[in-house]
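Student: Just a sequence and a predicted model for now, questions to come.
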Amino acid sequence: MKSLSKKMLAGTAVAAAMLAGSAGALVAQEKPVIATVVKISGIPWFDRMNTGVDAFAEANPDVDASQSGPATADSAQQLQIIQDLVAKGVNALAVVPMDPAVLEGTFKRAMERGIVVVTHEADNQTNTHADVEAFDNSDYGAALNERLAECMGKEGKWTTFVGSLGSRTHMQWVGAGEENAKKYLGMELVDPNNESFDDANGTYEKAKEILRKHPDIKGFQTSAGNDVLGVGRAIDEAGLTGKVCLVGTGLPNPSADLLESGAITAIGFWDPQKAGMAMNAVAKLLLEKKEVTNGMDLGVEGYNKVTVKKGAGEGVLIVGNGMVLADKATYKEHLF
Amino acid sequence: MQKTGGQLVMLVAINCVLLVLGAVISGGSFLSLFNLQSMASQLPEIGLLAIGVMLAMCAGNGGIDLSGIALANLSGVLSAVIVSSFLSSGESDLAFSLAFIGGALAIGLSGGVINGLLISKLNITPILCTLGTQMAFMGLAVVVSGGKAVMVGSPALLSSIGNDMFLEVPISFLVFVVVAGLVAAALKFTPYGLWLMLMGTNPKAAVYAGFPRNGVLVATYAISGTLSGLAGVIIAARNVNVKFDYGSSYLLIAILIAVMAGVKPEGGYGRVICVVLSAVALQLMSSLLNFGGLSNFVRDFAWGLLLLTFLAVGRYDLTGFLFPGNRQAVSLAPRPHAPKQDN
């Protein structure tokens, strides 16, 4: 048993040394470090963002950009990573907060230490130098509705779905959609703001009910990521593909089948890859002590002419035009 | 109790190895004052919860406290809601802080007493009872906060607990060390400590020997609950905001820390110093991996490896090999031992 313990100890030491070696290679550099921290690692959305961060690192050899994130969806774990990065002494943080409120204290301390803080999907974050948003929420809602109106021939009954009535962005999207539909006198909104709770099955049931109640309905505008899947399935099963239009937020990969069959007219989304690049681009500008100005080109597709507003705190809110509307013909360019 | 010494030595060794490794990887910046302070201030939340789990495990009969982090969040959320309804943190800094801390501790204590009463009086299995109360506590926190983060703000006293240093040591860490010391002293020097360990070793014998079983159980879970309340205070002090789902991963980490510290899951044995060192080891390791820029999935792997190493240490007496002279012939502990080897 003695020799076994010795072997075990030796094995542990070797493993530790190897770990140290590989990690050591990653740390040894003098360039300014931009650390991107996402809500959770290993899910498609943030894997896609990682490709953006890698692309940025490749295009900008004068900075060291990389992405990390917690293995579990827990704001405490994300907080811990950020604190360690602050202690390690990175030059800039580009964070997609799990929960903006939890990170306020740490961001404040990081900024006091001279670290540049850039956030995304957190327009209510007070302690940040800049928050980058992919698009203006009302523009996005209006664009979705415009696509829907085009498909419906600008007339007929239509309805809307939101994740929940408390979801601020979803309500902004459908609100802007309703506003846009007022342009067309033939469009009639029925039973608006159905709650889907981002559950494809629940949405499916509710969409079936609506199809029964309004046999002449011609359009759906949905908000949460899984809504298009539920409504699309209901349309598909009712044999109404091509007769009922469906435009909503969704991701290309899961929606591919329904886009192909035509049950989904078009999906809208923003590309996390571009958002990752834009965050890093802003962080780099701020590291170089340059200012982000209205109408500036960040050098990232969809962020060529950004709008700069005052943010929730001292920092600025940078809004791009990164929305993507994809249909059967174009979704293959954005497979993720 | 030779085995206890082994665990302690092993934990100290692991911590030293991790510190040296960190220094080598980072070219010294891992040992910079700022990083040491940063790590020390991250530690108390999870450390306090782990001590709570340890006490519950020591009580035996399948004792465990799954409600720790939920109760910590509830303490923070409920106390913040109640206190800010009659005081504003802007006007009366000190009063707000004291009321918040008092409220959170009281809520933690009552949550713990509820656990203790359910387990001792109604004889509910601890794992089921605390699973139930965990959900109840979390649900209550959702209801009172409406599911949103509750702002505590940073009144002077709270903010200094969360951010300031005393002699270059974070105050939250000092609080943790003092509390850990108090619990350790209570276990070592009071009848409660003896009752707890003996009851955990053999619950039936403890009842026949006339131990105040219910009292000990209620006290154990009450202490665990109060520690959760304190963790809630520290979370609020550091993050400025409290939310019902903060730290959902802490539940399993706290159990991992306790098991790594050699606390016997079947009851009757556990040392606070080992829990503290084991929490430090996990903290060092996760910070180390963040410093190295390695994936957080590697961290989970490394923790698992560490846990298995410790279980192996428990099975094969590694310290005998490390320190051949330092062994006793007999063990007083009334429990089966790993096979011994000769030197």
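Tutor: That came in fine, so what should we check first?
Student: drop to CA atoms for contacts and neighbour counts, all remaining ones
Tutor: Will do.
Student: The residue nearest to the spatial centre of chain B: which element?
Tutor: Chain B has B:A50 as the residue nearest its centroid, 2.0 Å off, counting by CA atoms, centre = their mean. For B:A50, the host element (DSSP states H and E) is helix B:33-58.
Student: Next, the buried residues of that helix.
Tutor: Neighbour-count burial for helix B:33-58 flags B:34-58 (criterion: 16 or more other CA atoms under 10 Å in any protein chain shown).
Student: follow-up on the earlier one: please name the nearest non-neighbouring residue to the residue nearest to the centre of chain B.
Tutor: B:A254 (4.4 Å; CA to CA, 6 or more residues apart in numbering or on different chains).
Student: wait, is that neighbour part of a helix?
Tutor: Yes: counting by DSSP: H, G, I helix; E, B strand; the rest coil, B:A254 is part of a helix.
Student: Could you state which residue of chain A sits nearest its centroid?
Tutor: Short answer for chain A (CA atoms, centre = their mean): A:P272, at 5.4 Å.
Student: Buried residues in stretch B:149-165, which are they?
Tutor: B:149-165.
Student: Quote the end-to-end distance of that stretch.
Tutor: 27 Å (CA to CA, to the nearest Å).
Student: Let me see the mean pLDDT of that stretch.
Tutor: Across stretch B:149-165, the average pLDDT comes to 79.
Student: Mind checking if stretch A:118-132 is in reach of chain B?
Tutor: No: applying CA under 8 Å from any CA of the partner chain, one finds stretch A:118-132 out of contact with chain B, separated by at least 11.9 Å.
Student: Same question for that stretch: list its buried residues.
Tutor: A:118-123, A:125-132.
Student: And stretch A:141-148, by the same measure?
Tutor: In stretch A:141-148, counting by 16+ other CA under 10 Å, buried: A:141-148.
Student: what do you get for stretch B:177-197?
Tutor: Quick answer for stretch B:177-197 (16+ other CA under 10 Å): B:177, B:179-180, B:183-184, B:187, B:192-193, B:195-197.
Student: ok, so of those, who is nearest chain A?
Tutor: The shortest approach to chain A among the buried residues of stretch B:177-197 belongs to B:V177, at 20.2 Å (CA to the nearest CA).
Student: Could you report the distance from the closest one to A:R168?
Tutor: 43 Å.
Student: just B:S75 next, same as before
Tutor: 28 Å.
Student: Also B:L306?
Tutor: 44 Å.
Student: More neighbours: which of these two?
Tutor: B:L306 (19 against 12; other CA atoms under 10 Å in any protein chain shown).
Student: what helix or strand does B:G247 sit in?
Tutor: Going by DSSP H and E, B:G247 is not in any helix or strand.
Student: Return the residues in contact with it.
Tutor: A:74-77, B:69 (CA atoms under 8 Å, 6 or more residues apart in numbering or on different chains).
Student: Kindly report the same for B:I253.
Tutor: B:I253 touches B:I46, counting by CA under 8 Å, 6+ apart.
Student: now with 7 Å?
Tutor: Counting by CA atoms under 7 Å, 6 or more residues apart in numbering or on different chains, B:I253 touches no other residue.
Student: So in chain A, where's the weakest helix or strand by average pLDDT?
Tutor: Every helix and strand of chain A was ranked by mean pLDDT, DSSP states H and E. The lowest is helix A:2-27, at a mean of 48.
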